[in-house]
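**Student:** I would like the atomic coordinates for the input below:
(chains A and B)
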Number of protein chains: 2
Amino acid sequence: MKKLVNDPENVVREALEGMAAAHPDLIRVHYDPNYVVRADAPVRGKVGIVSGGGSGHEPMHGGFVGRGMLDAACPGAVFTSPTPDQMLEATRAVDGGAGVLHVVKNYTGDVMNFDMAADMARADGIEVESVVINDDVAVRDSLYTAGRRGVGTTVLAEKLCGAAAEEGRSLKDVAEVCRKANGWGRSMGMALTSCTVPHVGKPTFEIGEDEMEIGIGIHGEPGRTRMELKAADEVVALLMEPILGDLPFKAGDDVLLFVNGMGGTPLIELYVVYRKAHEIATGRGLRVVRNLIGDYITSLEMAGCSITLLKMDDDLVKLWDAPVKTPALRWGV
Amino acid sequence: MKKLVNDPENVVREALEGMAAAHPDLIRVHYDPNYVVRADAPVRGKVGIVSGGGSGHEPMHGGFVGRGMLDAACPGAVFTSPTPDQMLEATRAVDGGAGVLHVVKNYTGDVMNFDMAADMARADGIEVESVVINDDVAVRDSLYTAGRRGVGTTVLAEKLCGAAAEEGRSLKDVAEVCRKANGWGRSMGMALTSCTVPHVGKPTFEIGEDEMEIGIGIHGEPGRTRMELKAADEVVALLMEPILGDLPFKAGDDVLLFVNGMGGTPLIELYVVYRKAHEIATGRGLRVVRNLIGDYITSLEMAGCSITLLKMDDDLVKLWDAPVKTPALRWGV
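**Tutor:** Purely as a prediction, here's the structure:
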């Protein structure tokens, strides 16, 4: 196993210590239970937004904590759900009196634990709403989910509802933005290589030198089909068609096009992917009004990409453009 | 070869087309010869800044074109110097009457071609200054250089002198900022894995499953030593010691600490690296007043990292904090 780690059991803790050392102006890190929280939390009168999930998908979610996005993130062990006590303490830490939104990716453990945490927080008198993100068109059910998995739309939803909360919207309205983003976002991913969980020490799955996996999950769980390597343009078409047909997107729609790297893909390749994805989208009459290109929801060092298409309206564009200041996403400030 | 490419001969062209499609608000792309230029170039009365080099190091340099950083970038083929005609046309395109600065990484081909382009531009009546970046403490001479290689400090120098130009400083003063950054910046890198140039189709070098290369160059050229894998903290010490001893940095100095991923390293590992690098720096009495963590000067999908330490003064801090709006680096706007 070739990794820049010390004891593999300590990788999450040490990465959190690195984040705390790097970004004291933006975040604080609480240990045992682990969560990353805005440096100025709780923000009085603002809806708090908490997300979380297994580690290994960085910068998601800890890299998205800061003004205009998340108030707190709960990192589990690598590819393992965080625990209800992490979520509960994070919820308490960000409660500014206007309620707290949980943004939950649809994985069985995440959903169950966030449900428990929400119940406990409500018993404390904190108003909590939850939105489950389930945007992955690749599979109906999966190894880790009943129903679709939550993938790339999560990043976009966190930015959008973070901006809505920053504007002072109510818990109900912030949750509504998140639900709209989930309803209007569709994603699919693919992998060229596997990835190795540090404390496991061997690749999550095997894949041949001439093979790729279409519809892969962010933990390396199987997708739709294993097939021979194809040229980038063909790969992009294999991802875009199921996305485009699912919503369905229609000519004249405004969209945000998000090309995401899985962690081990050079940026030069992500732009080759963006080129074709943009061409296919505009060829269908969609107007790509915003985009995002880079590694935002990753699977450790996996080589591959995912594509997310999110239908936009004027309100979502305004929320997308609003200032954000987090370790991984920053503009306007 | 597992890559998201079409014909490997077209990867640079298609990535540029992807950039052009993605960022029309920030950049324009000129083809044959290839260069990326600020959408609003030339900016009247402002010093123009041009850099360039082989492709495969993305986001450097094309991803740094925009307000507050570069006016143009000239991408060569992967790991191959751009040609003088690219540099000359880019220089003409950004000349706003206040002269043009060439920021050149110290590789033989880059230096020779930028020299020729500068001579030709001067013959056109454009005032040109050049600063050669040679911050890599790993080796005295290398496969591709007489003298030290130019690596991580390039990214920082481009941000700093870009801000100086945006402020309206003269060509002489902008070049002076760039020289100061080069004089005060020191870097060293390491690799866990090799990388594959698309049109070559096989790894640039071989490295064993239990080996790493300390002092590697950004084209996979050899460094100081090949050794057995070590824990992250030991790796960081092996990079930091030569850096710290070289300037030399001394207790009380303000520094910017830049932990750079080589392209295939998960962000969670870069934060493990940052944790130790920050600890070593502060243990020596340095004050880490700014930092940068992520993939900024890469070697395709190579796994590994580099560390750059840049001594800062008040002027450099002010220039670092100034607004920047490029595809890969953005804040304040």
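
**Student:** who's in contact with stretch A:236-255?
**Tutor:** Here stretch A:236-255 makes contact (Cβ atoms under 8 Å, 6 or more residues apart in numbering or on different chains) with A:137-138, A:184, A:186-190, A:214-215, A:230, A:273, A:276-277, A:280-281, A:284-289, A:305-313, A:317. Where C-beta positions appear, they are placed from N, C-alpha and C, glycine not excepted.

**Student:** cool, stretch A:122-134 as well?
**Tutor:** Contacts of stretch A:122-134 from elsewhere in the structure, counted by Cβ under 8 Å, 6+ apart, are A:91-92, A:95, A:99-106, A:111, A:114-115, A:118, A:121, A:145, A:147-151, A:153-154, A:157, A:161, A:171-172, A:174-175, A:178-179, A:182.

**Student:** what comes up buried for that stretch?
**Tutor:** A:126-134 (16 or more other Cβ atoms under 10 Å in any protein chain shown).

**Student:** and the residues you listed as JSON lines, adding distance to residue A:10, pLDDT and secondary structure?
**Tutor:** Converted to JSON lines, the buried residues of stretch A:122-134 look like this (distance: Cβ to Cβ, whole Å; pLDDT from 0 to 100; DSSP: H, G, I helix; E, B strand; the rest coil):
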{"residue": "A:126", "distance to residue A:10": "32", "pLDDT": "98", "secondary structure": "coil"}
{"residue": "A:127", "distance to residue A:10": "36", "pLDDT": "98", "secondary structure": "coil"}
{"residue": "A:128", "distance to residue A:10": "32", "pLDDT": "98", "secondary structure": "strand"}
{"residue": "A:129", "distance to residue A:10": "35", "pLDDT": "98", "secondary structure": "strand"}
{"residue": "A:130", "distance to residue A:10": "31", "pLDDT": "98", "secondary structure": "strand"}
{"residue": "A:131", "distance to residue A:10": "33", "pLDDT": "98", "secondary structure": "strand"}
{"residue": "A:132", "distance to residue A:10": "31", "pLDDT": "98", "secondary structure": "strand"}
{"residue": "A:133", "distance to residue A:10": "29", "pLDDT": "98", "secondary structure": "strand"}
{"residue": "A:134", "distance to residue A:10": "32", "pLDDT": "97", "secondary structure": "coil"}
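
**Student:** Could you dump those into CSV with distance to residue B:250 added?
**Tutor:** What follows is the buried residues of stretch A:122-134, written out as CSV (distance: Cβ to Cβ, whole Å):
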residue, distance to residue B:250
A:126, 50
A:127, 54
A:128, 52
A:129, 54
A:130, 53
A:131, 52
A:132, 54
A:133, 50
A:134, 55
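
**Student:** Closest one to chain B out of those residues, please.
**Tutor:** The shortest separation between chain B and any of the buried residues of stretch A:122-134 is 20.7 Å, and it belongs to residue A:133 (by Cβ to the nearest Cβ).

**Student:** quick one: which of the contacts of stretch A:122-134 sit in helices?
**Tutor:** Cross-referencing these against helices under DSSP state H gives A:91-92, A:111, A:114-115, A:118, A:121, A:153-154, A:157, A:161, A:171-172, A:174-175, A:178-179, A:182.

**Student:** PyMOL command for the buried members of the contacts of stretch A:122-134?
**Tutor:** Restricted to the buried members of those, where burial is judged by 16+ other Cβ under 10 Å, the PyMOL selection command reads as follows:
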select buried, chain A and resi 91+92+95+99+100+101+102+103+104+105+106+111+114+115+118+121+145+148+149+150+151+153+154+157+161+171+174+175+178+179+182
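
**Student:** pLDDT of stretch A:304-320, averaged?
**Tutor:** Averaging the model's pLDDT scores along stretch A:304-320 yields 98.

**Student:** Report how far apart the opening and closing residues of that stretch are.
**Tutor:** Taking Cα to Cα, to the nearest Å, the first and last residues of stretch A:304-320 lie 26 Å apart.

**Student:** list the buried ones in that stretch?
**Tutor:** For stretch A:304-320, burial by neighbour count (16+ other Cβ under 10 Å) applies to A:304-312, A:316, A:319-320.

**Student:** Those residues: which two are farthest apart?
**Tutor:** Pairwise distances across the buried residues of stretch A:304-320 peak at 28.9 Å for A:304 and A:319 (criterion: Cβ to Cβ).

**Student:** that older thread, and the contacts of stretch A:236-255, which of them are in strands?
**Tutor:** When strands are assigned by DSSP state E, the members of these inside them are A:186-190, A:214, A:287-289, A:305-312.

**Student:** Mind telling me what element the closest residue to chain B within the stretch 1-150 of chain A is part of?
**Tutor:** When you check the stretch 1-150 of chain A against chain B by Cβ to the nearest Cβ, the closest residue turns out to be residue A:18, at 3.4 Å. For residue A:18, the host element (DSSP states H and E) is helix A:11-22.

**Student:** sorry, back to before: out of the contacts of stretch A:236-255, who's near chain B?
**Tutor:** Among the contacts of stretch A:236-255, the residues that sit close to chain B (Cβ under 8 Å from any Cβ of the partner chain) are A:273, A:305.

**Student:** who's in contact with residue A:190?
**Tutor:** Contacts were defined as Cβ under 8 Å, 6+ apart; by that measure residue A:190 touches A:212-216, A:223, A:235, A:238-239, A:304-306.

**Student:** Residue A:65: which of those residues is nearest?
**Tutor:** Distances from these to residue A:65 were compared by Cβ to Cβ; the smallest belongs to residue A:306, at 22.1 Å.

**Student:** got the contact list for the closest one?
**Tutor:** Contacts were defined as Cβ under 8 Å, 6+ apart; by that measure residue A:306 touches A:151-152, A:187-190, A:239, A:259-260, A:262, A:297.

**Student:** No further questions, thank you.
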